[in-house]
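predicted model and sequence follow; I will ask about them next.
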There are 2 protein chains.
Amino acid sequence: MRLLVVEDETRLAASLRRGLQAEGFVVDVEATGPGGLDAARHGDYDAMILDVMLPGLSGYEVVRRLRAEERWLPVLMLSAKDGEYDQADGLDCGADDYLTKPFSYVVLLARLRALLRRGAPERPAVLAVGDLRLDPARRRVTRADAEVALTTREYALLDYLMRRPGEVVSKTELLDHVWDAAVETAPNAVEVYVGYLRRKIGRDRLETVRGAGYRLAT
Amino acid sequence: MRLLVVEDETRLAASLRRGLQAEGFVVDVEATGPGGLDAARHGDYDAMILDVMLPGLSGYEVVRRLRAEERWLPVLMLSAKDGEYDQADGLDCGADDYLTKPFSYVVLLARLRALLRRGAPERPAVLAVGDLRLDPARRRVTRADAEVALTTREYALLDYLMRRPGEVVSKTELLDHVWDAAVETAPNAVEVYVGYLRRKIGRDRLETVRGAGYRLAT
DNA sequence: AGGGACGCTGTGAGCGTGCTGAGGAGATTC
DNA sequence: GAATCTCCTCAGCACGCTCACAGCGTCCCT
């Protein structure tokens, strides 16, 4: 999952990056309104965390322009203001959720997950495909009720695939969303991790579609 | 837009009904957990506003059961609690948004609109010609509901033809679009692959127009 | 009916794509 | 500082897809 964080307070930005990366997200940070807008336009992110007070262009304005261009990526707004009308303004100009600073990290994560779930075609709190279950809140995976131990990368890969069951997902797409796009990673890494996953969740769960990508059997 | 409000405090329920109706929504109110669950199952609502503290069945439980039944209508939870973990729990058990009492009516409306805006996620349409179906996202082809296994090239060829059903497509055009235009490929390759396709999707599906090209029978 | 152009298909070589085991680099733990 | 874990690269291997080739069948025109 790729996230865009637009925040000009460098300490908060760094802390968000660290925390979200630890959860397995791929995180890019922009510090200005125009920079964030540009990144959102071209970056192919799964969601965006956006401060209201930004140099160059306010968060409100960034969302408004994105929506005007028919870009619908989920946007979670952050603001120091907490008057109710400010909140309503943020939502009405196109944001999907709103948090006031100071906010709790746990709440941020929960709302972010809710947001990502909402954007997906189906949005169970626990993802389930066959006897495979993945609980994003607890970061736990079970297969026929037996727990499966996964590393961060394996988990992120399975998470991404389970949000698109039955669909073919290309190696490039996986590299963009599960790996860090800034780092050049060989496509072979995907093959290697698909191999690891197959050993843990069952060989036939994860089909190879030659020349196209991988598909999680439904 | 039809809304379901599940709330047992009659004064709050009445006020919500009045306010939302004034905004043009059609509003039904249920006062108990089981009643709300039942209404959500059968009512065909566009969204649901759900209190956590309910007689009979808690709001958490109602959402969890709905999601377990694969019902994905947007749910906005209301609660008097405001501990951060409660909020996280509500979202993780399947709600899409969360408000704590007392809440401002303006905020409620804004969040509701944000929720409704995230309607059905667009999914690339499935191409269908006769009993032949091609799903680009799943990269899957079925003929009379039976899956047809295709190689990359066969799939690309069928994809191109199915986007032009009934039209005559020349071999040159196919070489340009389905094969790599930069690489010089013999026109015979097209004939070979048309042959393969015919064996898999049915001989009469793919007509030869001598001297002009091929046509997918509609 | 005959000839020529066009299209079809079986065969097989070449190579692209994906899988795997081994191992090095970096982070973390004891 | 050693042991462990995780991530990722590399090289070798195997499968099966792709396509050229050649021979035959089919269609159309005279």
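Everything's here; your move. Numbers count the residues shown, from 1 in each chain, chains lettered A, B, ... in the order given.

please count neighbours and contacts with C-alpha atoms only from this point.
Will do.

now the closest residue to A:Trp179 other than its chain neighbours: how far from B:Cys93?
The spatially closest residue to A:Trp179, leaving aside those adjacent along the chain, is A:Val26, at 6.7 Å (CA to CA, 6 or more residues apart in numbering or on different chains). Between A:Val26 and B:Cys93 the distance is 25 Å, computed by CA to CA, to the nearest Å.

likewise A:Leu115?
From A:Leu115 over to B:Cys93 the distance is 13 Å, taken as CA to CA.

wait, A:Tyr98 touches A:Tyr60, no?
No. The criterion here is CA atoms under 8 Å, and A:Tyr98 misses it with A:Tyr60 at 11.4 Å.

quick one, which of A:Leu115 and B:Cys93 is more surrounded?
A:Leu115 (23 against 20; other CA atoms under 10 Å in any protein chain shown).

between the helix or strand hosting that one and helix B:105-117, how many degrees?
Secondary structure from DSSP states H and E places A:Leu115 in helix A:105-119. Helix A:105-119 runs at 40 degrees relative to helix B:105-117, counting by axes from the mean of the first three to the mean of the last three CA atoms, to 10 degrees.

quick check, A:Leu76 in a helix?
No. Applying DSSP: H, G, I helix; E, B strand; the rest coil, one finds A:Leu76 to be strand, outside a helix.

so how many other residues sit close to it?
22.

how near is it to A:Asp46?
As judged by CA to CA, A:Leu76 and A:Asp46 stand 12 Å apart.

just to revisit the earlier point, dump the residue contacts of the residue nearest to A:Trp179.
Listed by CA atoms under 8 Å, 6 or more residues apart in numbering or on different chains, the contact partners of A:Val26 are A:1-3, A:20, A:177-181.

what's the farthest-apart pair in those?
The span of the contacts of A:Val26, defined through CA to CA, is set by A:Leu20 and A:Ala181 at 15.5 Å.

let me have the contacts of A:Val26 in a markdown table, extended by pLDDT.
Converted to a markdown table, those look like this (pLDDT from 0 to 100):
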| residue | pLDDT |
| --- | --- |
| A:Met1 | 85 |
| A:Arg2 | 87 |
| A:Leu3 | 90 |
| A:Leu20 | 86 |
| A:His177 | 83 |
| A:Val178 | 89 |
| A:Trp179 | 87 |
| A:Asp180 | 77 |
| A:Ala181 | 68 |
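
show me the shaky parts of chain A.
For chain A, the stretches flagged by pLDDT under 70 are A:81-93, A:118-125, A:181-182.

residues in it within reach of DNA strand D, list them.
A:150-154, A:179, A:184-189, A:192, A:210 (CA under 7 Å from any atom of the strand).

can you say which of the residues you listed are buried?
Neighbour counting by 16 or more other CA atoms under 10 Å in any protein chain shown classes A:150, A:154, A:179 among the residues of chain A next to DNA strand D as buried.

please name the nearest non-neighbouring residue to whichever residue of chain A sits closest to chain B.
Residue of chain A nearest chain B, by CA to the nearest CA: A:Glu167 (3.9 Å). For A:Glu167, the nearest residue in space outside its immediate sequence neighbours is B:Arg138; the separation is 3.9 Å by CA to CA, 6+ apart.

so A:Val6 sits right up against A:Asp38, yeah?
No. Using CA under 8 Å, A:Val6 makes no contact with A:Asp38, being 11.0 Å away.

same drill for those two, tell me which one is more crowded.
Neighbours per residue, other CA under 10 Å: of A:Val6 and A:Asp38, the larger number sits with A:Val6, 28 against 14.

measure that one to B:Gly195 for me?
Taking CA to CA, one finds A:Val6 at 54 Å from B:Gly195.

what helix or strand is A:Glu154 located in?
helix A:152-162.

tell me the buried residues in that helix?
Neighbour-count burial for helix A:152-162 flags A:154-159, A:161-162 (criterion: 16+ other CA under 10 Å).

and stretch A:71-82, by the same measure?
Buried residues in stretch A:71-82, counting neighbours by 16+ other CA under 10 Å, are found at A:72-79.

next one: stretch A:43-60
For stretch A:43-60, by 16+ other CA under 10 Å, it's A:43, A:45-54, A:57-60.

quick revisit: take the contacts of A:Val26 and keep only those in helices.
Counted as lying in helices by DSSP state H, out of the contacts of A:Val26, are A:20, A:177.
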